[in-house]
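In: Provide a 3D model corresponding to the input given below.
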Amino acid sequence: MTANEDQEMELEALRSIYEGDECFKELSPTCFQYRIGDLGNPKAFIVEVSWPETYPETVPVVSMNTFFNNSISQPVKQSIIAKLLEEAEANLGTVMTYTLFEYAKDNQEKLMENHEPFSSAVMMSSEPNSTTVSSNNASSSKKKEKKDQLSKAQKRKLAERTDHRGELPRGWNWVDVIKHLSKTGGKDDD
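Out: Predicted structure coming up:
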């Protein structure tokens, strides 16, 4: 069989196997994606497999450069790709896209064991594809930010400010109704 015949047969097989599977996506007749794990699972990821012209005599191109995988660090992505390429090397000469997807599904926990789900304390550095997690920000972001207290003199100075026309701001002499009612016990002076 020629490479093209193998690819056509595998394409038909993939379409029939994954028909109705929401995790499988055919991007083109030679490029496929499969989501490993459920949506919402922090250890879920998408694997993309593309066939070069000489596939299956050469290993396919394995990629994890999808937006879905943005929360996964580069070292974890590279580790997953390396393991999938090892599996591809072991299956060289045979159609292997299904095998690679199944390998990823069966080994999801092991492949993602070094993955730390990002929290709100993630800071992106200026280098592309590199991330650093700040543990200091994680603890300090949980504490409420303490507001600076103004002294009486500072408050008075703020209250005495006038606008560009030399007038005091609207409502400068308004009475706080809530404070007024709480002082009088809710009774009107009528």
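
In: who's in contact with the biggest helix by length in the chain?
Out: Using DSSP state H, we find that the single longest helix of the chain is helix 74-90. Contacts of helix 74-90 from elsewhere in the structure, counted by C-beta atoms under 8 Å, 6 or more residues apart in numbering, are 45, 47, 59-60, 62-64, 69, 96, 99-100, 103-104, 107, 111-112, 114-115, 129-131. Where C-beta positions appear, they are placed from N, C-alpha and C, glycine not excepted.

In: buried set for stretch 71-84?
Out: For stretch 71-84, the buried set under the neighbour-count rule, 16 or more other C-beta atoms under 10 Å, comprises 71-73, 76-77, 79-81, 83-84.

In: which among the residues you listed gets closest to residue 157?
Out: For residue 157, the closest of the buried residues of stretch 71-84 turns out to be residue 71, at 47.9 Å, with distances computed as C-beta to C-beta.

In: residue 107: how many residues sit nearby?
Out: 16 (other C-beta atoms under 10 Å).

In: quick check: it vs residue 79, distance?
Out: As for residue 107, its distance to residue 79 is 11 Å (criterion: C-beta to C-beta, to the nearest Å).

In: cool, residue 113 as well?
Out: Relative to residue 79, and taking C-beta to C-beta, residue 113 is found at 9 Å.

In: so where's the chain uncertain?
Out: Across the chain, the stretches falling below the confidence threshold (pLDDT under 70) are 1, 3, 117-147, 158-159, 162-164, 169, 172, 176-178, 180, 185-190.

In: make it 80
Out: The chain contains residues with pLDDT under 80 at 1-6, 114-150, 154-190.

In: tally of neighbours for residue 103?
Out: Other residues within reach of residue 103, judged by other C-beta under 10 Å, total 21.

In: for residue 34, what are phi and psi?
Out: Taking degrees, to the nearest 10, you get phi -140, psi 130 for the backbone angles of residue 34.

In: start at 456 instead
Out: Understood, numbering begins at 456; the last thing we discussed is residue 489.

In: just give the nearest non-adjacent residue to it, would you?
Out: Once flanking residues are discounted, residue 489 sits nearest to residue 556: 4.4 Å by C-beta to C-beta, 6 or more residues apart in numbering.

In: three-state assignment of the one you found?
Out: At residue 556 the chain is in helix, as set by DSSP: H, G, I helix; E, B strand; the rest coil.

In: any idea how far it is from residue 503?
Out: Between residue 556 and residue 503 the distance is 11 Å, computed by C-beta to C-beta.

In: residue 483 too?
Out: Distance of residue 483 to residue 503, computed by C-beta to C-beta: 11 Å.

In: more neighbours, these two?
Out: When residue 483 and residue 503 are compared for neighbours, residue 503 comes out ahead with 18 against 8, by other C-beta under 10 Å.
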